[in-house]
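>>> what follows is a predicted structure for the sequence shown.
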Amino acid sequence: MSVTTPQIDSARIAEVAQPITEDGRGRETVFDVDDLAVSYSGNVALTDVTMDVRKNFVTAFIGPSGCGKSTFIRCFNRMNDLVPGAKVHGQVLYHGRDLYGSSVDPVEVRRRIGMVFQKPNPFPKSIYDNIAFGPRVLGMKQGLSDRVEQSLRQAALWDEVKDRLKDNALGLSGGQQQRLCIARAIAVEPDVILMDEPASALDPISTSRIEDLIHELKQEFTIVIVTHNMQQAARVADMTAFFSVDVREDGSGRHGILVEYAPTTKIFTNPADKRTEDYVTGRFG
Amino acid sequence: MARVEFQHSLDALEASLQEQGQVVLRAVRGAVNAMQTQDVELCDEVIAFDDEIDIRYHRIERSIEEILAQQSPVATDLRLVLAVLHNSIHLERIGDQSVTVAKLTKLSADLETRHDLVEGLTDMGDRAEEMVRIALDSFARRDIEQAQELVDLDELIDRTNRRVVDQVLQMAAAPGQQEWGMRMIVVARCIERIGDNAVDIGEQTAFLVTGEFTEFTDASH
């Protein structure tokens, strides 16, 4: 009896294989972005972005100032709708549905896709009310205290604040305030958490707490993070997208472009594009 | 060019590796010459010279430790640092093989030799030295094709090594030559290992350029 050896083209397999981790994250697509462009009052800020964001992955956006990474992350929860003159072209599918479709309610989008900003921005209210506010507004009133506790626990803040829930949130340290903002985002049971430079205003210890937290949270949520700190992207992200600035040949200005999107280890060990290489090794400029 | 200090430290690191390479080449040359001429004094020099190689290896290791701790190299920079570390270890091993050749030569200094065998071993040593030179050059030039040529050169050394073993086996019956023959089998083996180490350095050239590590030849076959 003859035995046929299967012909396996490993290069081809690597090409078509989905970037799934050993713990099974990354199987599904959450966002499918096709040929996206954003302009502000006719000025193009970002063009030609095509990529997908996978479920339970941490996806990092890195790149120099003005490369459009913050503009791009704001497309995921329609925050650009709030900027006068902002226009989004192309398509963003969220679980297969057009995020910018006419029947889509931006408020519901922002409940499911929460956001944490660079500067912690707690409400000038008690710690408890900061967390309870969102669920209350959305009518999620049952078991509210449990929800507050659960959210604070998930944000690794519970033990530090459990005895002073009635205190004003502005009395917390910067790092605690940022974790409070993460707890506040979690409290309304989102699907995705967007983080725009979440640790850039924090000291190294608070930063490492946030990074530990991101590793915990990815088990339950899909996380997209914009960061100026490349080592932070290297430490926390499964996938990394490098954006850069393209100067238009006709001299009419500059806009952001997506240069390379790949598993984080690839970006930091063997990037495919020279521009990525120059940026991550610090040889730009 | 940004990160000027960092680039300086990478350039200095690579220069130290090439310097270690030159020192190791002197050790190889010394060991082969000593074996060829049964020069005991030269053997002692080669043995003592190994400290020079070790000092350079440890210096490179310390520089790499500092670069990793202070500069967090990534991408090509990271691959360069890793490749230099590997190559420095390979060079240090080549130095050790040269010392073993020198020690065996010393031990057999008073024994009767066989001219044809010494010629074969010298030929192997010349080839091994040339391979180390090519390996270092391919790394400095980032030249994968040149690095891959090492595989063919290594095959020539392997072939000579097998011939030496056959010749020693034939000598088994000749009285008074067995001991020398047995020692020369180990000498041949050491030189053959130097060739392998040169191929290892060539593989690091390919890793540095492509980002993928592949063995040029699979030792299990």
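Sure thing, it's come through. Not measured: the values here are computed from a predicted model.

>>> buried residues in the one helix or strand A:Arg179 maps to?
Using DSSP states H and E, A:Arg179 sits within helix A:174-187. For helix A:174-187, a neighbour-count test (16 or more other CB atoms under 10 Å in any protein chain shown) marks A:175-187 as buried. C-beta here means a position set from N, CA and C on the backbone, and glycine is covered the same way.

>>> do stretch B:149-159 as well
Judged by neighbour count (16+ other CB under 10 Å), stretch B:149-159 contains these buried residues: B:Glu149, B:Leu150, B:Leu153, B:Asp154, B:Ile157.

>>> restricted to strands, list the residues you listed.
Residues of the buried residues of stretch B:149-159 located in strands (DSSP state E): none.

>>> turn those into a markdown table, including pLDDT and distance to A:Ile127.
Output for the buried residues of stretch B:149-159, formatted as a markdown table (pLDDT from 0 to 100; distance: CB to CB, whole Å):
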| residue | pLDDT | distance to A:Ile127 |
| --- | --- | --- |
| B:Glu149 | 96 | 69 |
| B:Leu150 | 96 | 66 |
| B:Leu153 | 95 | 72 |
| B:Asp154 | 95 | 69 |
| B:Ile157 | 94 | 73 |
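
>>> of those residues, closest to chain A?
B:Leu150 (23.0 Å; CB to the nearest CB).

>>> on that earlier part again, which members of the buried residues of stretch B:149-159 are the farthest-apart pair?
The most widely separated members of those are B:Glu149 and B:Ile157, with 13.2 Å between them, by CB to CB.

>>> kindly report the residues of chain A close to chain B.
Within chain A, the positions near chain B by CB under 8 Å from any CB of the partner chain are A:230-231, A:234, A:268-271, A:276-277, A:280-285.

>>> from these, pick the one nearest chain B.
Of all the residues of chain A next to chain B, chain B sits closest to A:Asn270, with 3.0 Å by CB to the nearest CB.

>>> among the buried residues of stretch B:149-159, which lie within helices?
Mapping the buried residues of stretch B:149-159 onto helices (DSSP state H) picks out B:Glu149, B:Leu150, B:Leu153, B:Asp154, B:Ile157.

>>> contacting residues for the residue nearest to B:Glu19 when sequence neighbours are not counted?
The shortest distance from B:Glu19 to any non-neighbouring residue, by CB to CB, 6 or more residues apart in numbering or on different chains, is to B:Arg56 (6.7 Å). By CB atoms under 8 Å, 6 or more residues apart in numbering or on different chains, the contact set of B:Arg56 is B:Ser16, B:Glu19, B:Gln20, B:Val23, B:Ser88.

>>> any idea which helix or strand carries B:Arg56?
Using DSSP H and E, B:Arg56 maps to helix B:40-71.

>>> same thing with B:Val24?
Secondary structure from DSSP H and E places B:Val24 in helix B:4-37.

>>> how far does that helix sit from its chain's centre?
Computed by CA atoms, centre = their mean, to the nearest Å, the separation of helix B:4-37 from the middle of its chain amounts to 10 Å.

>>> endpoints of stretch B:165-180, how far apart?
Across stretch B:165-180, the terminal residues are separated by 12 Å (CA to CA, to the nearest Å).

>>> and the contacts of that stretch?
Applying CB under 8 Å, 6+ apart, the contact partners of stretch B:165-180 are B:108, B:111-114, B:116-117, B:120, B:181-182, B:184-185, B:188.

>>> list the buried ones in stretch B:35-46?
So, applying 16+ other CB under 10 Å, buried residues of stretch B:35-46: B:Met35, B:Gln36, B:Gln38, B:Asp39, B:Leu42, B:Cys43, B:Glu45, B:Val46.

>>> any idea which of the residues you listed is closest to chain A?
Nearest to chain A among the buried residues of stretch B:35-46, counting by CB to the nearest CB, is B:Val46 at 39.1 Å.

>>> measure the closest one to A:Glu28 for me?
64 Å (CB to CB, to the nearest Å).

>>> surely B:Val40 touches B:Lys106?
Yes - B:Val40 is in contact with B:Lys106 according to CB atoms under 8 Å; the separation is 5.6 Å.

>>> between these two, what contacts are shared?
With CB under 8 Å, 6+ apart applied, the contact sets of B:Val40 and B:Lys106 do not overlap.

>>> before we move on, the earlier item: columns pLDDT on top of the buried residues of helix A:174-187, output as CSV?
CSV is the format used below for the buried residues of helix A:174-187 (pLDDT from 0 to 100):
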residue, pLDDT
A:Gly175, 93
A:Gln176, 95
A:Gln177, 96
A:Gln178, 94
A:Arg179, 95
A:Leu180, 96
A:Cys181, 96
A:Ile182, 95
A:Ala183, 96
A:Arg184, 96
A:Ala185, 95
A:Ile186, 95
A:Ala187, 96
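
>>> of those residues, which is the nearest to chain B?
A:Gly175 (22.9 Å).

>>> so how far is the lowest-mean-pLDDT helix or strand in chain B from its chain's centroid?
Taking mean pLDDT, DSSP states H and E as the measure, chain B has helix B:144-171 as its least confident helix or strand, at a mean of 92. Averaging C-alpha positions (CA atoms, centre = their mean) puts helix B:144-171 14 Å from its chain's average.

>>> how far off helix B:144-171 does whichever helix or strand comes after that helix point, in degrees?
Heading C-terminal from helix B:144-171, the first helix or strand you meet, by DSSP H and E, is helix B:178-210. On the basis of axes from the mean of the first three to the mean of the last three CA atoms, to 10 degrees, helix B:178-210 is oriented at 170 degrees to helix B:144-171.

>>> in helix B:178-210, what's buried?
With burial defined by 16+ other CB under 10 Å, the residues of helix B:178-210 counted as buried are B:180-181, B:183-185, B:187-188, B:190-209.

>>> now do stretch A:263-278
So stretch A:263-278, judged by 16+ other CB under 10 Å, has buried residues A:Pro263, A:Thr264, A:Lys266, A:Ile267, A:Phe268, A:Thr269, A:Asn270, A:Pro271, A:Arg275, A:Thr276, A:Glu277, A:Asp278.

>>> what about it, start to end distance?
Stretch A:263-278 has an end-to-end distance of 18 Å (criterion: CA to CA).

>>> give me the contacts around that stretch.
Under CB under 8 Å, 6+ apart, the answer for stretch A:263-278 is A:19, A:60, A:230, A:233-234, A:237-240, A:242, A:244, A:259-260, A:262, A:280, A:283-284, B:74-76, B:78-79, B:210-212.
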